[in-house]
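Next come a sequence and a model predicted from it.
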Amino acid sequence: MRLALLRADPALSRFDPLPRILSFDDFSRGHCGWSQLVGNYEGDLDTMLPGYAQHSSAMLSTLAHWDAGSHGGMSSSYALKIATRPRPGARNVAIKRHTFRHRGPIRFELYFTFKPEATDLKLSETDVRSIGFLFDLQGGDHDADDDRVMPHLRFLNALDGKHVQKWQYKRETTGFRPIGADNKTVSHDHLAPEGWLDLPDGEQRLCYNEIPTKVNWTYLCFDFDLASMKALALRCNDRTFDLSGFDSIRIPAMKNLWCMLNFGLFAETDVAKRAFLYVDSVCISGEF
């Protein structure tokens with residue numbers, strides 16, 4: 001009965017959710033809780049680390065372009081747009097903040113596409129450096145010995161003008177820096193460009209259409225177990241990847257982040273033009 005109900009719903013039937021849907025984000029209904037990743041600061045915004053100071057708010061977009069008007073989303077007029085600044089290596093991150101009530105498997109599914117800003121009349125297939133996602137997790141206050149765990153995955157599309165097209169992950173973040181003078185806040189740049197590792201057999205050629213304004217939507221699914229704090233599976237379109245060697249960034253638990261269940265989406269540009277990550281819809285589910 002449950003499967004029949006899911007398949008009868010055009011919005012949900014494109015996903016394969018676990019038994020309980022935590023959130024279903026269809027961006028024709030608004031931002032659905034996705035907001036700017038603001039870096040830690042205290043007393044003055046200038047205390048924010050530079051990596052975070054470059055971030056801006058995610059937008060709702062019709063995927064407008066100059067030659068034919070608008071694409072719209074995959075099944076509506078709008079998608080979530082995460083846009084970088086027009087500077088080589090610039091990035092932007094959108095985040096959705098939850099807490100969890102049960103430590104079990106969770107599933108993160110989305111349909112996405114990416115493009116550089118179409119300022120040139122050529123394909124520009126190496127202008128987007130990467131797109132990716134991350135989780136930011138921490139156990140409950142009775143699990144005080146747990147770490148803060150941050151799985152990161154990105155699709156490295158290009159680097160310094162060279163087409164790469166492979167999945168990567170991170171195990172390390174930058175060192176902690178105190179923010180302000182009250183000894184209450186620290187910060188670290190977990191999306192700094194250093195430290196990315198290749199996922200074994202992680203090469204994949206995604207659909208990237210023939211001119212700089214055409215887009216095709218791509219499916220992504222990531223499974224993670226909150227009980228063991230380990231990744232279970234990664235799927236992108238028709239490919240399933242080996243995560244046996246995968247690990248997450250792990251840092252000591254922080255005193256005010258209990259039961260944290262955050263999700264992030266990001267884009268990076270490789271050239272002096274904006275890179276756009278568009279997300280049509282996101283389904284987050286689990287065995288809660």
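Arrived safely, thanks for sending.

Next, the contact list for Cys221, please.
With contact taken as C-beta atoms under 8 Å, 6 or more residues apart in numbering, Cys221 is in contact with 16, 107-109, 233-236. The C-beta positions use only the backbone N, C-alpha and C, and glycine is treated the same way.

who does the helix or strand that Phe276 is a member of pair up with?
Using DSSP states H and E, Phe276 sits within strand 275-286. Sheet pairing of strand 275-286 (DSSP bridges) gives strand 20-26 (antiparallel), strand 79-83 (antiparallel), strand 105-116 (antiparallel).

Looking at those strands, spot the one closest to Asn92.
With respect to Asn92, and counting by C-beta to C-beta, the nearest of the strands paired with strand 275-286 is strand 79-83 at 5.3 Å.

So what touches the closest one?
Contacts of strand 79-83 (C-beta under 8 Å, 6+ apart): 25, 27, 31-32, 34, 56, 58-63, 72-73, 92-94, 265-267, 274-280.

mean confidence for that strand?
The average pLDDT for strand 79-83 rounds to 98.

and after that strand, which helix or strand comes next?
Past strand 79-83, the next helix or strand by DSSP H and E is strand 91-99.

Neighbouring strands - and their directions - for that following strand?
Sheet partners by DSSP bridges: for strand 91-99, these are strand 35-36 (antiparallel), strand 260-269 (antiparallel).

Out of the ones you listed, which gets nearest to Arg20?
Among the strands paired with strand 91-99, the nearest to Arg20 by C-beta to C-beta is strand 260-269 (13.2 Å).

Mind putting the strands paired with strand 275-286 into a markdown table with distance to Gly43 and mean neighbour count?
Shown next, in a markdown table, are the strands paired with strand 275-286 (distance: least, C-beta to C-beta, whole Å; neighbours: other C-beta atoms under 10 Å):
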| stretch | distance to Gly43 | mean neighbour count |
| --- | --- | --- |
| strand 20-26 | 34 | 17 |
| strand 79-83 | 29 | 25 |
| strand 105-116 | 35 | 22 |
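
Switch those strands over to a markdown table; also include distance to Gly139.
What follows is the strands paired with strand 275-286, written out as a markdown table (distance: least, C-beta to C-beta, whole Å):
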| stretch | distance to Gly139 |
| --- | --- |
| strand 20-26 | 17 |
| strand 79-83 | 29 |
| strand 105-116 | 14 |
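
In CSV, list the strands paired with strand 91-99 along with mean pLDDT and mean neighbour count.
Shown next, in CSV, are the strands paired with strand 91-99 (pLDDT from 0 to 100; neighbours: other C-beta atoms under 10 Å):
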stretch, mean pLDDT, mean neighbour count
strand 35-36, 95, 14
strand 260-269, 98, 23
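
between the contacts of Cys221, which is closest to Met260?
Nearest to Met260 among the contacts of Cys221, with distances taken as C-beta to C-beta, is Phe108, at 15.1 Å.

Please name the bridge partners of the closest residue to that closest one other than its chain neighbours.
Of all residues not flanking Phe108 in the chain, Phe222 sits nearest, at 4.7 Å (C-beta to C-beta, 6 or more residues apart in numbering). For Phe222, the beta-bridge partners are Phe108, Leu234 (DSSP bridges).

Near Phe222, how many other residues are there?
Other residues within reach of Phe222, judged by other C-beta atoms under 10 Å, total 22.

and what of His188?
The burial count for His188: 18, using other C-beta under 10 Å.
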